[in-house]
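S.K.: Build me a model:
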Amino acid sequence: MSATLVHRGPDSDGMYVDGAIGLAARRLSIIDLETGDQPIANEDGSVVVVQNGEIYNYEELTRELVRAGHRFRTHGDTEVLVHAYEEWGTGFAERLRGMFAIAIWDAGARRLVLARDRYGIKPLYYRVDGDAIDFASELRALPRGEIDLDALEGFLAFNCVPAPYSIFRDTRKLPPGHVLVWNGTLKLQRYARPAPALETREEDEAELVEELRARLRDSVRAHLVSDVPVGVLLSGGVDSCTLAALAAEETSEPLRTFSIGFEERSYDELADARLVAERYGTVHRELVLRPDAALLLPELAAAFDEPFADSSALPTCLVSRLAAEDVKVALSGEGGDELFGGYYTYPASLLAERFGRPAALIRPLVERMPTSTRKASLDYRAKRFVRAAKLPALERHHGWKEIFSADVRAELTGRRSEFDPVDLLRARFAETEGADLLVRLQDVDIGTYLVDDLLVKTDRASMANSLEARVPFLDTVVSGFALALPTRHKVRGLSKKRLLRKAVAPLLPERIVNGRKRGFSIPAAAWLRGDLAPFARETLAADVLRRQGFFQPEPVHRILDEHVTGAEDWSRSLWGLLSFTLWYEHHVESPRGFTSRSVRSPADFGMEDRAGALRARAQGRSA
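M.R.: The predicted structure is shown next:
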C-alpha cells in the first residue's frame, strides 16, 4: 500500500505495526526536515499518528499543549496531532487550521480515528471488510472490487465521482469535516460544516474591502510557512494573481510563478499572467501546450485513481510538473469562485428568476445558433441558459453544468437507474432553506463541485508530481468572512466577485481586476474536432465499449459524429467517456504501477518551456 503512494511522498517512508494494526506514511519533506518523519507517537507510544497535509496553526497549538503539560520531541506540525487528540479527544479536529487527512491509532482504547479537513482539500478513502478496515489517501492503495453503478451514474452526470461514493462499491470517501471512529464498528460524526453566516456583514463597503485584503494577506502568510521554497500556479485570473501578488510581498527572495498557455488564442492567457510576473519581478516560467492524443489522455488516466473528466486536469498536471522542477510547494486559487461569486452560473441564476420563462420561449431560435470552439462561447452559454431557464432553481443550476441528462445516461448504459445523482445536490440545497438564492447555490458548489471536482483535480495533479498544492482561499480566516457577505458584494447584474475585485485592485493591473474568468481550461471542443478526433474514435471503438460492458456503442458514436460535424458541442461529454474508458483500461483491465514519471515531462507533450527574459530579469534583481 505504501509503495503505491510513493509519488505523494518520495522523500522518506515509515511504518508502525502493532499486531493486526498497521500505519504507513510517505513523506514529502516540507516542514521540520530533520525530525518530521512519520509515524509520530506521544511520550509513551500509546497514541500514534500519520497525516497528509499541513497544519498552519501548529505553533499556536504547540504552545497551548506545552502549557498543558505535553512534551514535544519534534518541531513540525504532525506531533501536535497526537497531543491534541490526548487533550481534546475526537474533538481535536475542530481546533485545526489547515488541510489534512489524519489517522490516529489509540492503543489504549484500541480504536482508530480518521479525520478529514473541513473543505475536503486532502482525500481519504476507507473500505470496511467484515471486522477490518483499510484506508488510504488514494484509491489505488486499496483493493479494487466491483464497479459501483450508482457512482458511475454520478460520474456521467458530473464528470467526477461524487462523495461519499467511490467508483468501487465497497470503498467510500470520508466526507469533508468528518471524523470516523473505528473499534470494530464504524461511527461517523461531522465536526465542521462551512455554512452561510446567520448574520451578514453590513459594514461600510470601504471597511469590508480593507478587512478582506488583510484576511487574504494573513492566509497567504500562513500558507507560505515552509522550510523549502514555495511558488504559485498562475493562471492569469484574479484569484491566482492575487495570491502571487501577496506572496511576492511576503517573501524576501523572488517568488517563483508557473503558467500554461495554448496555441488557440481564446484559451491562451499567458499575457495576463505575465503582467503580474513583471509587476512583482517573479522568476516566471511558461509552457505552451499542443494536443498529442497518444500521450495526453492515457497518461492523465494513470495519474487519477478513479474516473475524472474535468479537462483542466491536463494543464494542471503539466503546470504542476513544471513547478515541481523548482519548488515542492505551490499556492493555487481554488475556492475563490465559490466563496466570492465568480461563476457565470451565479448571475445567470439570478437573471433566470426574472427572465426564465421568456428565455425558454426563444429556445428554438437559440438552438439554431452555430456551434463555436471558442472558450465560454456565446452560443454555448446561450443554449445552456435557455435549455434550463424555466426549471426550479437547483435543477436549473445543475442543468447549466450537467454532462449527461438522465435520458441520455439511460441510452448510454442501456439501463434506467433508480439513483438520481442530483439528489446529492438537493440534499445539500435543503440544508440552507431560507437563505438567499445565491448563498444557497454557492453552498451547493462548496459542498459538491469544489470537493468532488476542483480539489480532486488539484490534489491528484500536484501530488502525481510530488508537489504540495496549498489553497489559501479555503482558510477559515477568509472563508468565514466570505460566507457572511450579502449578495450585493458578490454578484450584481452581470458583475461577479464585486468585493474581491475592489479589495485586490491596488495589487493588480486593471486588466486582471476587471477581466473575465480565467483558469487552466483547455480547447477540448477544437481538439476533439481536430487532432484528437481519430484518437477518440479508436478509444471509443465498438469492440472496446462492448468488451468493457458499460456503454452502448451506437449512442456514443452518434454523440461523437454530432460533435465532429459541429452539430452540437459534446466536448465535455466526450471527454468524460474517453476518461472513463482509459481509466478502466489502465486501472482495472491491466492495472499497472504508477510513478511520477507516468506524467511525462513537458517536452514529451510537444510543449515549449518559455522562461526567457522574465526569468533573467528576476534573477538579476535577486543577485
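
S.K.: going forward, measure contacts and count neighbours with C-alpha atoms only.
M.R.: Will do.

S.K.: all helices for the stretch 151-300 of the chain, in order.
M.R.: Here the stretch 151-300 of the chain has its helices, by DSSP state H, counting those that start in this stretch, at 205-223, 238-250, 270-280, 296-303.

S.K.: mind listing what's buried in the longest one?
M.R.: Same thing as helix 205-223. Within helix 205-223, the residues that qualify as buried by neighbour count (16 or more other C-alpha atoms under 10 Å) are 208-209, 212-213, 215-223.

S.K.: In this structure Lys390 contacts Ala352, no?
M.R.: Yes. Using C-alpha atoms under 8 Å, Lys390 makes contact with Ala352 at a distance of 7.4 Å.

S.K.: okay, these two: which has more neighbours?
M.R.: Remark: of Lys390 and Ala352, Ala352 carries more neighbours, 24 against 19, as counted by other C-alpha atoms under 10 Å.

S.K.: The more buried one sits in which helix or strand?
M.R.: Assigned by DSSP states H and E, Ala352 belongs to helix 345-361.

S.K.: now Gly434
M.R.: Using DSSP H and E, no helix or strand contains Gly434.

S.K.: what about it, neighbour count?
M.R.: Counted with other C-alpha under 10 Å, the neighbours of Gly434 add up to 8.

S.K.: what's the answer for the one 10 residues further on, then?
M.R.: Here the neighbour count serves as a burial measure; for Val444 (other C-alpha under 10 Å) it reads 26.

S.K.: pretty sure it belongs to a strand, no?
M.R.: No. Residue state for Val444 (DSSP: H, G, I helix; E, B strand; the rest coil) corresponds to helix; a strand is not indicated.

S.K.: correct me, but it touches Arg428?
M.R.: Yes. The criterion here is C-alpha under 8 Å, and Val444 meets it with Arg428 at 5.8 Å.

S.K.: my read: Asp292 touches Leu532, true?
M.R.: Yes. Assessed by C-alpha under 8 Å, Asp292 is found in contact with Leu532 at 7.5 Å.

S.K.: ok, those two, which is more surrounded?
M.R.: Between Asp292 and Leu532, Leu532 has the larger neighbour count (other C-alpha under 10 Å), namely 19 against 16.

S.K.: start to end distance for stretch 257-270?
M.R.: The straight-line separation of the ends of stretch 257-270 (C-alpha to C-alpha, to the nearest Å) is 12 Å.

S.K.: And for Ala132, nearest residue in space, chain neighbours not counted?
M.R.: Leaving aside its sequence neighbours, Ala132 sits nearest to Gly184 (C-alpha to C-alpha, 6 or more residues apart in numbering; 7.3 Å).

S.K.: do Leu156 as well
M.R.: Leu156 sits nearest to Phe404 (C-alpha to C-alpha, 6+ apart), 5.8 Å away.

S.K.: Please give me every residue in contact with Ile21.
M.R.: With contacts taken as C-alpha atoms under 8 Å, 6 or more residues apart in numbering, Ile21 has no neighbouring residues.

S.K.: ok, now how distant is it from Leu174?
M.R.: Where Leu174 is concerned, Ile21 sits at a distance of 20 Å (C-alpha to C-alpha).

S.K.: can you check Phe308 too?
M.R.: Between Phe308 and Leu174 the distance is 18 Å, computed by C-alpha to C-alpha.

S.K.: and Val113, that's in a helix?
M.R.: No. Val113 is assigned strand when assessed by three-state DSSP, not a helix.

S.K.: Quick check: it touching Phe92?
M.R.: No. Counting by C-alpha under 8 Å, Val113 stays clear of Phe92, with 10.8 Å between them.

S.K.: As CSV, the buried residues of helix 205-223 with pLDDT and distance to Phe419 would be great.
M.R.: Shown next, in CSV, are the buried residues of helix 205-223 (pLDDT from 0 to 100; distance: C-alpha to C-alpha, whole Å):
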residue, pLDDT, distance to Phe419
Leu208, 98, 44
Val209, 98, 44
Leu212, 98, 42
Arg213, 98, 44
Arg215, 98, 42
Leu216, 98, 41
Arg217, 97, 44
Asp218, 97, 43
Ser219, 97, 40
Val220, 97, 41
Arg221, 96, 44
Ala222, 95, 42
His223, 95, 40
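
S.K.: Where does pLDDT dip in this protein?
M.R.: Filtered on pLDDT under 70, the chain yields the residue ranges 31-36, 263-268, 291, 293-294, 354-388, 517-521, 592-623.

S.K.: change it to 50
M.R.: Residues of the chain meeting the criterion pLDDT under 50: 595-608, 610-623.

S.K.: who's in contact with the residue most central in space within it?
M.R.: Centroid check for the chain by C-alpha atoms, centre = their mean gives Leu455 as the closest residue, at 1.6 Å. Residues near Leu455 by C-alpha under 8 Å, 6+ apart: 120-122, 334.

S.K.: That concludes my questions; thank you for your assistance.
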